[in-house]
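>>> generate coordinates for the sequence data below:
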Amino acid sequence: MLPDPPPPDIVRLAATLNNPPAVKWVLVGGMALTLWGGDHRTGDADMMIDFDPENIERLVLALRQLRAKPLRAPSYDPDMIDRKLLSLPFVQLDTDAGRVDLINRTGEGTSYGEIFAS
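Got it, this is the predicted structure:
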């Protein structure tokens, strides 16, 4: 079994995603629990994204700044990060800020819009 990856640099990740034009995203999962004071340790940042086409284009640009690549890709290629890849229900990425899991919907079927509104 492989060791857990180090926790992501959430400050760098958030700064890149929030740099205008900002990506619409929300942090969920273990990293969100940790930031709320929980003692859960995680090696990735679980994020839900607004899948509006304009937002996906902003996300593509932000992820390219972070040199994101699919988790098991052998090397970085900026063309790997595109709308088609990011439209999958679940995408695991390695970035210069750490591992990121992009989630289209929760297991209960909750979307970004529903989580952001709550």
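
>>> residue 43 contacts residue 7, doesn't it?
Yes. Using Cβ atoms under 8 Å, residue 43 makes contact with residue 7 at a distance of 6.1 Å. C-beta here means a position set from N, CA and C on the backbone, and glycine is covered the same way.

>>> overlap of the contact sets of those two?
residue 98 (Cβ atoms under 8 Å, 6 or more residues apart in numbering).

>>> how close does residue 17 sit to residue 73?
21 Å (Cβ to Cβ, to the nearest Å).

>>> tell me which of those two has more neighbours.
Higher neighbour count among residue 17 and residue 73: residue 17, with 22 against 12, using other Cβ atoms under 10 Å.

>>> excluding sequence neighbours, find me the nearest residue to that one.
Taking Cβ to Cβ, 6 or more residues apart in numbering, and ignoring the residues beside it in sequence, residue 17 has residue 23 as its nearest neighbour in space, at 4.5 Å.

>>> hmm, that neighbour is touching residue 57, no?
No. With contact defined as Cβ under 8 Å, residue 23 does not count as touching residue 57 (9.6 Å).

>>> of these two, which one has the most company?
For the pair residue 23 and residue 57, the greater number of neighbours falls to residue 23 (21 against 15), based on other Cβ under 10 Å.

>>> double-check that that one belongs to a helix.
No. Going by DSSP: H, G, I helix; E, B strand; the rest coil, the assignment for residue 23 is coil, not a helix.

>>> I am finished for the moment; much appreciated.
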